[in-house]
Structure formats: structure tokens, C-alpha cells
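[1] Mind folding the following:
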Amino acid sequence: MAEFLYRGKNPESLTREEFLKLLPSREKRKVKKGFTDEEKKLLKKLEKYRDQKGKKFIKTQSRDMIILPEMVGHKIGVHRGKEFYTLDITPEMVGHRLGEFAIPTISVKHGAAGIGASHGTKFSATKK
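    Coordinates of the predicted model:
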């Protein structure tokens with residue numbers, strides 16, 4: 001399997017400043033402005049459990065957090081509105097946001113039409 005490169009560089013070997021130069025403008029601006037308190041808390045937890053990559057499940061509600069190279073290998077639970085969706089962070093996810101991988105809406109699959117499903121059944125007798 002080929003090694004993953006982010007814009008020609010290995011994301012695990014980059015420092016945060018080098019990685020910042022490679023980001024698109026919107027993500028670069030967010031990182032330069034600084035992280036929110038919740039995002040800082042997530043980064044602290046990731047640093048704390050650095051040696052337990054892939055074993056420790058870390059929950060967060062900050063869907064707007066940009067996936068940084070130091071997050072690769074961790075299991076992060078991203079809140080979807082009702083439950084937490086487990087993400088195994090891979091190198092291909094670097095530079096994206098956590099919320100892009102935990103879609104909150106679920107596609108609805110309707111069953112067959114029943115009584116009351118159409119105008120034709122409006123006048124049919126339901127009781128016999």
C-alpha cells in the first residue's frame with residue numbers, strides 16, 4: 001500500500017506550522033484565529049491519550065474541528081444530534097472537519113402504501 005501524502009508531504013512528519021501553510025484558506029483562517037474552549041479540551045485529551053491511539057474513545061460535540069495530523073490513529077466520537085458516531089481517524093481525513101464524516105441526517109426509507117396513503121383510499125371502507 002502506498003504512503004498517503006497531503007499535498008506532497010507526509011502529514012505525520014509535519015509540525016502544526018508547516019501543516020498550516022498547506023491548508024486551504026478557510027481552514028487556515030480557523031486555525032490562525034484559534035480554537036474554541038471545547039476544541040482545546042479535545043486537543044488536550046488527545047495529547048493525554050497519545051500512547052493509547054485506537055484504544056481510547058474520546059467524545060466531542062465540536063463538529064467544526066479541523067482534523068490535524070496529531071489526531072491520526074485516534075478513535076473520536078462525534079455527536080450527531082442524538083448519539084455519538086465513532087470515527088477512526090485516518091491520514092486521508094487530515095484537513096477536513098469532523099462533522100463531514102458524521103452526517104446527522106439519516107435517509108428515510110418508506111414502506112409500501114397503506115390505508116390513508118393516497119387519495120384513492122379516502123373513500124374506501126376500512127371497517128366491514
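
[2] Do a quick rundown of the helices in this structure.
    With DSSP state H, the ranges of helices along the chain come out as 16-22, 25-33, 37-48.

[3] I'd like the ones you listed written out as JSON lines, with mean neighbour count, mean pLDDT and distance to residue 62 added.
    Where you see a C-beta, it was placed from the backbone N, CA and C, and this is true even at glycine. Shown next, in JSON lines, are these (neighbours: other CB atoms under 10 Å; pLDDT from 0 to 100; distance: least, CB to CB, whole Å):
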{"stretch": "helix 16-22", "mean neighbour count": "13", "mean pLDDT": "83", "distance to residue 62": "17"}
{"stretch": "helix 25-33", "mean neighbour count": "12", "mean pLDDT": "88", "distance to residue 62": "11"}
{"stretch": "helix 37-48", "mean neighbour count": "14", "mean pLDDT": "91", "distance to residue 62": "5"}
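
[4] Which one of the ones you listed lies nearest to residue 56?
    helix 37-48 (8.4 Å; CB to CB).

[5] could you dump the helices of the chain to JSON lines with distance to residue 96?
    Shown next, in JSON lines, are those (distance: least, CB to CB, whole Å):
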{"stretch": "helix 16-22", "distance to residue 96": "13"}
{"stretch": "helix 25-33", "distance to residue 96": "8"}
{"stretch": "helix 37-48", "distance to residue 96": "15"}
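
[6] For residue 91, find the nearest of those helices.
    helix 16-22 (12.1 Å).

[7] and the closest one, what does it pack onto?
    Helices and strands touching helix 16-22, by 3 or more CB pairs under 8 Å, 6 or more residues apart in numbering; DSSP states H and E, are helix 25-33.
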